[in-house]
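> pasting the structure only:
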């Protein structure tokens with residue numbers, strides 16, 4: 001009925017470990033590799049391509065540069081790419097979320113059923 005992806009910044013072992021722990025509790029969860037723009041060199045390459053593909057504005061890129069928040073571009077594109085994979089329902093989580101329930105799939109399915117019922 002739905003897909004579940006966790007955007008994971010794979011260069012960070014803590015975030016990878018969190019994905020593995022989350023996946024144990026939520027077997028439907030799949031890893032979606034984050035776009036890495038943390039370094040300025042990676043940022044420049046991805047920014048050039050994203051502007052060319054009209055995925056971001058030059059204004060956004062300038063703001064990332066002026067604030068030193070190079071990772072913001074990778075974060076935004078990661079979400080964009082994850083949502084582009086959407087067929088019907090898609091849950092997108094970031095790698096710093098903590099899944100506490102062992103029955104998360106049932107909870108999400110129930111929520112979707114309730115939302116769908118209201119339509």
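Looks like it arrived, so ask away. The structure displayed is predicted, hence computed values, not measured ones.

> any weak-confidence spans in this protein?
Where the chain drops to pLDDT under 70, the residues are 117-119.

> where do the strands sit along it?
In the chain, the segments counted as strands under DSSP state E are 3-8, 29-33, 90-94.

> Which stretch among those is buried most, on average?
strand 3-8 (a mean of 21; mean count of other CB atoms under 10 Å). C-beta here means a position set from N, CA and C on the backbone, and glycine is covered the same way.

> May I have the strands that pair with that strand, each with its orientation?
strand 29-33 (parallel), strand 90-94 (parallel) (DSSP bridges).

> ok, back up a step: include distance to residue 63 when you put the strands of the chain into CSV, please.
Shown next, in CSV, are the strands of the chain (distance: least, CB to CB, whole Å):
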stretch, distance to residue 63
strand 3-8, 21
strand 29-33, 25
strand 90-94, 21
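
> Which of those strands sits closest to residue 105?
strand 3-8 (8.1 Å; CB to CB).

> now what about the closest one, what contacts it?
15-16, 19, 22-23, 26, 28-34, 75, 78-79, 82, 85-87, 89-95, 97, 108 (CB atoms under 8 Å, 6 or more residues apart in numbering).

> and if we set it to 6 Å?
Residues outside strand 3-8 that contact it (CB atoms under 6 Å, 6 or more residues apart in numbering) are 15, 19, 28-32, 34, 78, 82, 90-95.

> Of the residues you listed, just say which sits nearest to residue 48.
residue 78 (17.4 Å).

> Pull the contacting residues for residue 32.
Counted by CB under 6 Å, 6+ apart, residue 32 has contacts 5, 7, 82.

> gap between the residue nearest to the first one when sequence neighbours are not counted and residue 41?
Nearest-residue entry for residue 5: residue 32, 4.2 Å, with adjacent residues in sequence omitted and distances by CB to CB, 6 or more residues apart in numbering. Applying CB to CB, to the nearest Å, the value for residue 32 to residue 41 is 23 Å.
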